[in-house]
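*Asks:* A predicted structure for the sequence below; I have some questions about it.
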Amino acid sequence: MNSIGLRIHGKKDLRVEQFELPEIKDDEILATVVSDTMCMSSWKLAQEGEDHKKTPDNLDKNPALVGHEFSGKILKVGKKWADKYQAGDDYAIQPNLARDDTPFVPGYSYPYIGGDATAIIIPNEVMALDCLVPFHGQAYYEGSLCEPLSCVIAAFEAQFHLIPHTYNHKMGIKANGNILMLGGTGPMGLLAIDYALHAGVKPKNLVVTDIDQSKLDRAKELYPSDEVNVSFVNVNGLSVDEQKAKLKATVDGAGFDDIFCMISVPALVTMSGELLNPDGCLNQFAGPMHKDFTAQLNFYDVHYNFTHVAGTSGGNAQNEATAAQLIAERKVNVAKVITHVLGLNAAAETTLTQPEIGGGKKLVYSQKKFDRIELAKVDPESGLGKVLAKHNGLWSPEAEQWIMTNMPDISAEDTANI
């Protein structure tokens, strides 16, 4: 069986090309991919190529499929898994396989599994680790966004606070406490806001910062709340001391119990430590680009005020299952983070230019061929524009169906011109 996919051959060398899939083994599953949402981690992968810790050393001879936030439909099941999975089932993937013996994961390391492809082979280890998750939502883009939401869930669950008068910890954010999200208007920040407002344990106050007022205004519009006091704070041009004063003012001069750094800036990490309440927990959510990333932390506070530090990279299978349930039950609306949609033909250029494009999540329809569309600029009188207008400009199951009906399928002939 032939597949068309986006493969990485080396640093900044991404190619959409046709390749042949072998017959599946008894412990493998053949599937289509319908949608994949892009992550900045794929941009980092493209920059580092064979130097990335999750890629094989010989990408030039054995290219790997790109894309790790994907969803689709099972076509054929090897007999080992026939009692658990069926042809026709929809699925989402948790790519973080979390193995001790290898860093290899889907979307970085394998020749036959990645989100930017028309057809894939899911290897045995994905099922063995419960990372092939049945999905029962209304649209495939929702299944794709289970993975980024799982990263948020993992971060919230990794927070920890002391049980009073003990050195034992209670995991998770502090109930009815104060949360600060620094740089929280990107796609992961928006998902974190949504989760903070709708998870079982909620804060009293949620403060979100950014330097772009338009992003703050959009986040404020997207995430109103009657249960949590939400503040969106513009810190553009402010010194660290001015930022601290402004942020404390939003919580009546108090500090914060949980802080999520959604950007990697040393001065902001240090500031976060200074804004923590006793028994507060700082989570370095954003993955630093450089291995020597450091920041100052007051160890007097660590010793006497029980300052905690946490960090997570990806979610796990249980986080993915939780995300799938929250999305399917309509408790979290992941469509709010999508700002662009595109066909597989545009996946290479879009992956390589994500920082310049800006906006939120870029949604790839892996079976389709069409240029990247910015939702905010769609002609309101067009067919897609009329669909978007019915949903306040947001992506939706109806919009996905419009794409599947009206956009052409990608073909092998198309790859010659990409």
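*Replies:* Happy to help now that I have it. Residues are numbered from 1 along each chain as shown.

*Asks:* next one: stretch 360-367 to chain centre, how far?
*Replies:* With C-alpha atoms, centre = their mean, to the nearest Å as the basis, stretch 360-367 stands 12 Å off its chain's centre.

*Asks:* What of stretch 365-377?
*Replies:* Using C-alpha atoms, centre = their mean, the mean C-alpha position of stretch 365-377 is found 19 Å from that of the whole chain.

*Asks:* ditto for stretch 195-211
*Replies:* Here stretch 195-211 is found 18 Å from its chain centre; the criterion is C-alpha atoms, centre = their mean.

*Asks:* any idea of the mean pLDDT in that stretch?
*Replies:* On average, the pLDDT along stretch 195-211 is 97.

*Asks:* which parts of that stretch are buried?
*Replies:* For stretch 195-211, the neighbour count (16 or more other C-beta atoms under 10 Å) marks 195-199, 202-203, 205-210 as buried. Any C-beta I mention is one placed from the backbone N, CA and C, and that applies to glycine too.

*Asks:* Quick test: name the residue nearest the centre of this protein.
*Replies:* The centroid of the chain falls nearest to residue 148 when counting by C-alpha atoms, centre = their mean (2.6 Å).

*Asks:* per-residue pLDDT, it?
*Replies:* pLDDT for residue 148: 95.

*Asks:* Just to check, it is in contact with residue 190?
*Replies:* No. Under the criterion of C-beta atoms under 8 Å, residue 148 is not in contact with residue 190, lying 9.9 Å apart.

*Asks:* so what sits against both of those two?
*Replies:* By the contact definition C-beta atoms under 8 Å, 6 or more residues apart in numbering, residue 148 and residue 190 are jointly contacted by residue 337.

*Asks:* give me the number of residues near residue 28?
*Replies:* 22 (other C-beta atoms under 10 Å).

*Asks:* tell me the pLDDT at the residue nearest to it when sequence neighbours are not counted?
*Replies:* Residue nearest to residue 28 in three dimensions, not counting chain neighbours: residue 78, with 4.9 Å by C-beta to C-beta, 6 or more residues apart in numbering. For residue 78, the pLDDT comes out at 98.

*Asks:* From residue 385, how far out is residue 78?
*Replies:* Remark: distance between residue 78 and residue 385 (C-beta to C-beta, to the nearest Å) = 44 Å.

*Asks:* For residue 268, pull up the helix or strand it's in.
*Replies:* Element membership of residue 268 [criterion: DSSP states H and E] is helix 266-275.

*Asks:* Could you name the helices and strands sitting against the helix or strand bottoming out on mean pLDDT in the chain?
*Replies:* When the helices and strands of the chain are scored by mean pLDDT, DSSP states H and E, helix 412-415 comes last with a mean of 86. Here helix 412-415 touches strand 2-10, strand 13-20, going by 3 or more C-beta pairs under 8 Å, 6 or more residues apart in numbering; DSSP states H and E.

*Asks:* Convert the C-alpha atoms of it to CSV, please.
*Replies:* These are the backbone C-alpha positions of helix 412-415, laid out as CSV (Å, rounded to 0.1, in the frame of the first residue of the first chain):
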residue,chain,number,x,y,z
ALA,A,412,1.2,11.1,-5.8
GLU,A,413,1.3,13.4,-8.8
ASP,A,414,1.0,16.4,-6.4
THR,A,415,4.2,15.5,-4.6
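
*Asks:* Renumber starting at 57 from here on
*Replies:* Yes, from this point I'll number from 57; that puts the last item at helix 468-471.

*Asks:* Which parts of the stretch 207-356 of the chain are helices?
*Replies:* Remark: helices assigned in the stretch 207-356 of the chain by DSSP state H, counting those that start in this stretch are 243-254, 269-278, 296-305, 322-331, 355-360.

*Asks:* Please list the outside residues in contact with the helix or strand just after the shortest one.
*Replies:* Spelled out, it's helix 355-360. Downstream of helix 355-360, the first helix or strand assigned by DSSP H and E is strand 364-366. For strand 364-366, contacts defined as C-beta under 8 Å, 6+ apart pick out 211, 214-217, 335-340, 353.

*Asks:* Next, format those residues as TSV and append pLDDT and neighbour count.
*Replies:* Shown next, in TSV, are those (pLDDT from 0 to 100; neighbours: other C-beta atoms under 10 Å):
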residue	pLDDT	neighbour count
211	97	26
214	97	16
215	98	26
216	98	19
217	98	21
335	97	17
336	98	26
337	98	25
338	98	24
339	97	24
340	96	22
353	95	17
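
*Asks:* Skip the chain neighbours and tell me the closest residue to residue 258.
*Replies:* The spatial neighbour of residue 258 that comes closest, neighbours along the chain excluded (C-beta to C-beta, 6+ apart), is residue 284 at 5.6 Å.

*Asks:* can you count the residues close to that neighbour?
*Replies:* Residue 284 sits with 18 neighbouring residues when counted by other C-beta under 10 Å.

*Asks:* And it, how close does it get to residue 252?
*Replies:* Residue 284 is 7 Å from residue 252, where distance means C-beta to C-beta.

*Asks:* residues shared between the contacts of those two?
*Replies:* Residues touching both residue 284 and residue 252 by C-beta under 8 Å, 6+ apart: 258-259, 262.

*Asks:* Out of those residues, list just those in strands.
*Replies:* Here DSSP state E is the test, and the shared contacts of residue 284 and residue 252 give residue 262 as lying in strands.

*Asks:* Of the shared contacts of residue 284 and residue 252, which is the nearest to residue 111?
*Replies:* Of all the shared contacts of residue 284 and residue 252, residue 262 has the smallest distance to residue 111: 37.1 Å, by C-beta to C-beta.

*Asks:* Enumerate every residue touching that closest one.
*Replies:* Applying C-beta under 8 Å, 6+ apart, we find residue 262 in contact with 235, 237, 249, 252-253, 281, 284-287.
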